[in-house]
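Asks: need coordinates for the following:
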Amino acid sequence: MKTIPVLVGSFIVAAAAIVIGCSTNGSQRPPRPPPTLAAPGESEDHQRLRDAWIEMLHRAAPGFDWRHQDAEFRRVRMQRSLETLEQWQATGNDAADELIVATTAISGNWVERGSGNVAGRTLSTQFDVANNRLNVLSHGGNLWRAGRSTLDWASPADGVSFTPNGTSGFLERLTGSERLLVWADTPSGLFYSDSGGASWSAATGLATSNVWYSRGLAARDASASEVYALRVEYDGGAGSWRTKLYASTNRGAAFSSRGFIGQGNRVALFSPRYGSTVMYLLDGLTLNTITPATHALVAVSSVSGAAALGSNDRVSLSGGVDSGGNTFLYVFVVRSSASVTEIYRSLDGGASWTTRTNAPTNMFGFNSAESSTRDPARVYVGGTNAYRSSDGAQSWQLVNSWPDYYPSPATKLHADIPNFDVFVDSGGNERVFVSTDGGTYESTDGLLTVQNLSLSGLRNGQYYGSYSVRSAPNAILVGAQDQGYQKAMAPSAGINDFVQTISGDYAHLTSSNNGANVWMVYPGFAQLDTAPATGDWTALRDWDYASANFQDWLFLAPIEADPLNPNRALLAGGGIGANRNRVLTLTYNGSTITHSEGAFDFGSRVTDVQFSRNGLTRYVINDGGQFFRDSGGGFSLRSSGLPDGQYFYGNCILTHATTPGTIYVAGAGYSGPAVYRSVNDGDNFTAFSTGLPNTLVYDLATSADGAHLFAATELGPYYYDSGTSSWVAISAVQTPDQIYWDVDYIDALNIARFSTYGRGVWDFVLSSPVLFRDGFEG
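Replies: Next comes the predicted model:
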């Protein structure tokens, strides 16, 4: 994640960077903060912070695999969704019907709102040369397709997704009769489509338990039948997580296990795209070939010159066939604590090796290094930035530095490089496709220049949250992963282009004056937008954590605007100095943001804060599940534990819109309820999660009259049905299958606005009248 103001047309880009510390008038900006979201190409400290935060959010009993449970839920739902979609399409239903929801509790329809112009992370590209068509896998797990000449991006099946447990995705395309293959972690398995991604089937023969993450996918020959896959699974015999090899002889429809091979990230697969059908497997520093039909491993050589691998080191393998028919190979090694990538090259099919010059970056992900398919001199490595070599990794050149993207998004790479994919087009020209945190790029000159293919229509935004200004024209404000704080200042019906006001990661957008100003957080500072209706970054004011010695903060710390003073907010998740579990009050005085730290020690880290509707009472929950209240005389512990809440992590507090003293808390529901309710101002709580899957609830939102209650969860959008005292899913057949991170109810528009982490912002537009005028409890 990077931070820089932006001001160009609808993509506003400014020349200077964000202010750090208490804001001044913005006339001059200090240097930009360093990138923060490491995965693993950036700051390791910030990556550890984010990883720890994600694990805390998903708290569960020891030994409980929440990822597997969520993946299994998605697998079952995906199958139902595909069956329903097939039935609907067979009966000639209009595509618009696939976004309609009709339940006994509520009815409505889903409407996509954007962004239409600011793409999120992509993971892989497969180029259909014969049809001049692109196939792109997004980090949100959707397959996107577009004609290369038209760039008419479309997601054929929003109701299914195939996401990785990490930053590396695996997409293959078999030719002849086109078959697309995705090797996924959520749901776990390999899935194939013979319909251009409109429908999918699950491959058979793969393990369904004790699996962790996919590690590699390769076809021996795209026009033939053999496909190989690697996945990290638990080896009970060895008592450790190891890499298992799978083989298919029927184009990925069924696989057989070939057993465990090596350790974790020290195994890689590769077969040249052109000129050879040899399948290579790198096991540590030992290069093998895989024999056709029998799938037996045959040792070729050891990579000479490389030191023994450590347990946390990573390897990758690439290569091609030169004009003389000789196979060349590259081995890439990233040491666990290194900021470079070691390079080893063979020009004789792996018989001998030479040590090349280290690339000046470590690899962002497993697929972040690649060579030309035919020229052994051309090789590429990506971390935060991309580097190229045209002399066989003897020297390296920076493609562009990440800040260069903002004034020139059409011709400069966005930061963070998950993948390179190289194809030869029908004219014999080699095209390099680069996956980034800002979409997919193409180069036809070996990364001397690049072209952004994602400036319009690749709608895979990864959003942490939104806030909509309550007065017309109801500007939409969103916080994105690595694509900054974005705005649609005068949104129209349907999909909107967004202005990126400033880059980075932003979340917890909150306002107590209907959006006249809006507070939010970034991993490293709190921010106030003093003019949300404009795209001007000079209206942003910041309070820097490091300058104030704010320590032990959560990656995206909780913040809440004060109803009694919109220029004031509560910030939690750390304290001034180490080991201080406090709540801070931030106050904007018209020029700077100051802070005061509360004296009360909450015993463990505060995970959310909230006000009563009248602003006179404050509420806090900590990561021990303890609930605190301050009605004016200071905080006191009101509830020391939640029923069956031993492993509950509460990340959301919501107060009832019309009934004082009724409070909801939501969070991790893997080993207990995900939502609780109190009717006595937090003195005690009861479970309120009937109908919800055992998953994480990120956010709750209610209408101003208390008639409607919505939940944004790891497994989709939900609505509380007071008639049955149960939550109901409100996904339609083609509602995006994504993580729903945030929900904001806008009464004037009669919509619940959901932020997804991979498919942008979607509105659930209510079509039924208000059903329960006395509140959703009846």
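Asks: show me the contact partners of the lengthiest helix in the chain.
Replies: Longest helix in the chain, counting residues (DSSP state H): helix 66-90. Contacts of helix 66-90 with the rest of the structure, by CB atoms under 8 Å, 6 or more residues apart in numbering, involve 58, 60, 97-98, 157, 159-161, 165, 185-189, 199-200, 202, 209, 211, 670, 693-696, 714-715, 733-734, 737. For the C-beta atoms, the positions are set from N, CA and C on the backbone; glycine is no exception.
Asks: 6 Å - rerun?
Replies: 58, 60, 159-160, 186-188, 199, 670, 693, 695, 714-715, 733 (CB atoms under 6 Å, 6 or more residues apart in numbering).
Asks: what pairs with the helix or strand following it, and is each one parallel or antiparallel?
Replies: Note on helix 66-90: by DSSP states H and E, the next helix or strand toward the C-terminus is strand 100-102. Strand 100-102 has the following strand partners under DSSP bridges: strand 107-114 (antiparallel).
Asks: CA atoms only: put the partner strand into CSV for me.
Replies: Extracted in CSV, the C-alpha atoms of strand 107-114 (Å, rounded to 0.1, in the frame of the first residue of the first chain):
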residue,chain,number,x,y,z
SER,A,107,-37.4,-7.9,-1.5
GLY,A,108,-35.1,-5.8,-3.7
ASN,A,109,-32.5,-5.9,-6.4
TRP,A,110,-28.8,-5.5,-6.6
VAL,A,111,-27.2,-2.6,-8.5
GLU,A,112,-23.5,-2.3,-9.2
ARG,A,113,-22.1,1.2,-8.4
GLY,A,114,-18.4,1.1,-9.3
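Asks: name the next helix or strand downstream of that strand, please.
Replies: Using DSSP H and E, the first helix or strand after strand 107-114 is strand 122-128.
Asks: where do the helices of this protein begin and end?
Replies: Using DSSP H, helices in the chain cover 44-57, 66-90, 545-548.
Asks: of those helices, which approaches F498 most closely?
Replies: helix 44-57 (23.4 Å; CB to CB).
Asks: tell me the buried residues in that closest one?
Replies: H46, Q47, L49, R50, W53, M56, L57 (16 or more other CB atoms under 10 Å).
Asks: quick one: these as CSV, columns for distance to F332 and pLDDT too.
Replies: Formatted as CSV, these follow (distance: CB to CB, whole Å; pLDDT from 0 to 100):
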residue, distance to F332, pLDDT
H46, 24, 70
Q47, 20, 73
L49, 27, 85
R50, 24, 86
W53, 29, 94
M56, 33, 95
L57, 33, 97
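Asks: which one of those sits closest to T243?
Replies: Using CB to CB, the buried residues of helix 44-57 come closest to T243 at Q47, 22.2 Å.
Asks: quick check: that closest one vs W53, distance?
Replies: Separation of Q47 from W53 (CB to CB, to the nearest Å) stands at 11 Å.
Asks: about what we covered before: quick check: strands, which of the contacts of helix 66-90 are part of them?
Replies: Under the assignment DSSP state E, the contacts of helix 66-90 contribute S188 to strands.
Asks: by neighbours, which of the contacts of helix 66-90 wins?
Replies: Most neighbours among these, by other CB atoms under 10 Å: V160, with 30 neighbours.
Asks: ok, back up a step: dump the buried residues of helix 44-57 to a markdown table, plus distance to I502.
Replies: As requested, these are exported to a markdown table (distance: CB to CB, whole Å):
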| residue | distance to I502 |
| --- | --- |
| H46 | 18 |
| Q47 | 22 |
| L49 | 21 |
| R50 | 19 |
| W53 | 22 |
| M56 | 27 |
| L57 | 25 |
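Asks: tell me where the model's unsure across this protein.
Replies: Applying pLDDT under 70 to the chain flags the ranges 1-45, 768-778.
Asks: centre of it to the edge, which residue is at the far end?
Replies: Ranked by distance from the centre of the chain (CA atoms, centre = their mean), the top residue is G324, with 42.9 Å.
Asks: return the backbone torsion pair for P407.
Replies: phi -80, psi -20 (degrees, to the nearest 10).
Asks: just to revisit the earlier point, out of the buried residues of helix 44-57, who's nearest V303?
Replies: Using CB to CB, Q47 is the member of the buried residues of helix 44-57 that sits closest to V303, with 27.5 Å.
Asks: any idea how far that closest one is from P523?
Replies: 11 Å.
Asks: also Q738?
Replies: 22 Å.
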